[in-house]
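Undergrad: Sequence below, structure please.
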Amino acid sequence: MDIKIEMENLARKAKIASRGMANLSSIVKNGALVAMAEALEEKAEDIKSKNTVDLKEARRVGLSSALIDRLTLNDKRIRDMAQGLREIAELPDPIGEIIEERVRPNGLRIRKIRVPLGVIAIIYESRPNVTSDAAGLCLKAGNSTILRGGSEAINSNLIIGKVLQDAAYSSGIPQGAIQLVETTDREAMFHLIKMGESIDVVIPRGGEEMIRSIRANATVPVISHGKGVCHIYVDKDADLEIAERICFNAKVQRPGVCNAMETLLVHKDIAKQFLPRMVRKFEQAKVEIRGDKKTKAIVPQVKDATEEDWSTEYLDLILSVRVVDSLAEAIDHINKYGTMHSEAIVTRDEKVAQRFLNEVDASSVFWNASTRFTDGGEFGMGAEIGISTQKLHARGPMGVRELTSAKFIIFGNGQIRE
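TA: Now for the predicted structure:
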């Protein structure tokens, strides 16, 4: 079948299903989410088998270890996917929630309520758990969803999607509410992002090149999950043991994710004390360090950092390091090279921390905590559909509430406008 016609069929089915989704009860939606969670656990062996096919191909084509980690599904990650769906089921249903209400002098009662966005197309790469998170969040918020994963995870995504579809439809969810793009041809993506008559919003989640291309070509509104060039600034008044623990976690725990630290900024007054021990610990974990001149003067074994390094999302065991003279210099560096994702300061000085929190322009700003916490699950949202680094229509981790719009309902008793 022609790819454009295939995508039009998917979008049309999703649009029809969205009308039924908007009026589903919380009981039906929550029951479907629990059924979907149970189905993932029951089909874990089938899912791992298909994931093995993707992993074999990923190694054959030479994907990095960090990207292979993002692609890998094991028993724990499948359990986490299921648990995420259960947590979404336990969240309050946002649909119909009264956002605000007022009575005008003429007696009109005006109420603003939450309603679904409608049909959401989600285009993502590498991480097959996104298939489950996205389907679950969209369902809870009363939306239909079209899922288009990357070619590197095609087998994993298709089996997860089929498992979720079967469980959802058996639980009373309208046919067509969860759609998967089964072709890996990029042409499918470019058709989807132009189907404004059926699709209400596109959410891309993946590499910078893909997101830039979608934003440049889409005629459907886009909420983008940008790259994460995340920083940690270790202030002159930092507790260095806490700083060491936070920095190591932010870089090493999962280097291939968007909330991992990519640049470490260190105040000059504590650099000679902090950097040798921190670099030694990083080197033991096989982290490649690229430093500026001031950093190399203290730890000469590290590689030279280039201008390009300051704006690079490595998604790997690579870290750029810069020594700064002041808090202001750290803030200026972050606001110049950061991507408005996640930034952190380690300090005991509340006044310094408050200035950093106020002046750094990012969706999530931390004081004495790892940037790795920027996550829908960690923020109590159950899961996330992405982390928006723009300012409209949502910012930061996008959970159920961020997948809704609003409607005004007006109650009158015969009023007319004079």
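
Undergrad: pretty sure Ala14 contacts Gln175?
TA: No - assessed by CB atoms under 8 Å, Ala14 is found out of contact with Gln175, at 10.3 Å. (Each C-beta comes from the backbone N, C-alpha and C, glycine too.)

Undergrad: neighbour count winner among the two?
TA: Legend: neighbour count by other CB atoms under 10 Å for Ala14 and Gln175, higher for Ala14 (27 against 13).

Undergrad: quick one: the helices in the stretch 1-150 of the chain?
TA: Taking DSSP state H, counting those that start in this stretch, the helices of the stretch 1-150 of the chain run over residues 3-21, 26-42, 44-60, 65-71, 75-90, 129-140.

Undergrad: Just name the most buried of these.
TA: Most buried of the helices of the stretch 1-150 of the chain, by mean neighbour count (mean count of other CB atoms under 10 Å): helix 129-140, with a mean of 28.

Undergrad: could you give the mean pLDDT of that one?
TA: Rounded to a whole number, the mean pLDDT of helix 129-140 is 95.

Undergrad: Secondary structure element for the nearest residue to Trp367 once chain neighbours are set aside, which one?
TA: Spatial nearest neighbour of Trp367, excluding adjacent residues (CB to CB, 6 or more residues apart in numbering): Ala353 at 4.5 Å. Using DSSP states H and E, Ala353 sits in helix 350-359.

Undergrad: do Ile334 as well
TA: Assessed by DSSP H and E, Ile334 sits inside helix 327-337.

Undergrad: tell me which residues in that helix are buried?
TA: Leu327, Glu329, Ala330, Ile331, His333, Ile334, Tyr337 (16 or more other CB atoms under 10 Å).

Undergrad: export the lowest-mean-pLDDT helix or strand in the chain as PDB, just CAs?
TA: Across the helices and strands of the chain, mean pLDDT, DSSP states H and E gives its lowest value to helix 65-71, namely a mean of 87. Output of helix 65-71 as PDB, limited to C-alpha atoms (Å, rounded to 0.1, in the frame of the first residue of the first chain):
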ATOM      1  CA  SER A  65      27.100   1.200  24.200                       C
ATOM      2  CA  ALA A  66      25.000   4.000  25.500                       C
ATOM      3  CA  LEU A  67      22.500   3.700  22.700                       C
ATOM      4  CA  ILE A  68      22.400  -0.100  23.100                       C
ATOM      5  CA  ASP A  69      21.600   0.400  26.800                       C
ATOM      6  CA  ARG A  70      18.700   2.700  25.900                       C
ATOM      7  CA  LEU A  71      17.400   0.000  23.500                       C
END
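
Undergrad: what about it, distance to the chain center?
TA: 16 Å (CA atoms, centre = their mean, to the nearest Å).

Undergrad: What is the burial count for the residue lying closest to Asn249 once chain neighbours are set aside?
TA: Nearest non-adjacent residue to Asn249, counting by CB to CB, 6+ apart: Ser370, 4.6 Å away. Neighbourhood size, Ser370 [other CB under 10 Å]: 23.

Undergrad: again, but for Phe373
TA: Counted with other CB under 10 Å, the neighbours of Phe373 add up to 17.

Undergrad: and the nearest residue to it once chain neighbours are set aside, bridged to which residues?
TA: Distances taken as CB to CB, 6+ apart place Phe366 nearest to Phe373, at 7.0 Å, with adjacent residues excluded. Beta bridges link Phe366 to Ala344 when assigned by DSSP bridges.

Undergrad: who are the neighbours in contact with Gln175?
TA: Counting by CB atoms under 8 Å, 6 or more residues apart in numbering, Gln175 touches Lys13, Ala17, Tyr169.

Undergrad: for it, helix, strand, or coil?
TA: coil (DSSP: H, G, I helix; E, B strand; the rest coil).

Undergrad: Next up, phi/psi of it, please.
TA: The phi/psi pair for Gln175 (degrees, to the nearest 10) reads phi -60, psi 130.

Undergrad: can you pull up the bridge partners for Pro397?
TA: In this structure, Pro397 bridges to Ile387 when assessed by DSSP bridges.

Undergrad: Which secondary structure element is home to the closest residue to Ile223 other than its chain neighbours?
TA: Sequence neighbours aside, Ile203 is the residue nearest to Ile223 in space, at 5.1 Å (criterion: CB to CB, 6+ apart). Taking DSSP H and E as the criterion, Ile203 maps to strand 201-205.

Undergrad: now swap in Lys407 and tell me
TA: Lys407 belongs to strand 404-411, assigned by DSSP H and E.

Undergrad: who touches that strand?
TA: Against strand 404-411 from outside (CB under 8 Å, 6+ apart): 94-95, 99, 108-117, 141-142.

Undergrad: still on that earlier bit, could you list the residues in contact with the helix holding Ala353?
TA: Contacts of helix 350-359 (CB under 8 Å, 6+ apart): Tyr233, Asp235, Asp237, Leu327, Ala330, Ile331, Asn335, Ile345, Thr347, Val365, Trp367, Asn368.

Undergrad: How is the chain partitioned into domains?
TA: Domains of the chain are assigned by automatic domain parsing as 3-223+398-411, 230-373.

Undergrad: Just want the angle from the next helix or strand after the strand holding Ile203 to strand 201-205.
TA: Per DSSP H and E, the first helix or strand lying C-terminal to strand 201-205 is helix 208-217. Using axes from the mean of the first three to the mean of the last three CA atoms, to 10 degrees, the direction of helix 208-217 lies 160 degrees away from that of strand 201-205.

Undergrad: Show me how far the helix or strand following helix 208-217 is from its chain's centre.
TA: For helix 208-217, the following helix or strand on the C-terminal side (DSSP H and E) is strand 230-234. Its chain's average C-alpha position is 20 Å from that of strand 230-234, according to CA atoms, centre = their mean.

Undergrad: do you know how far Phe190 is from Ile110?
TA: Going from Phe190 to Ile110 by CB to CB, to the nearest Å gives 41 Å.

Undergrad: Ignore what I typed, I meant Ile289.
TA: Counting by CB to CB - Ile289 and Ile110 are separated by 58 Å.

Undergrad: Pick out whichever of those two has more residues nearby.
TA: Taking neighbours as other CB under 10 Å, Ile289 and Ile110 compare with Ile289 leading, 22 against 14.
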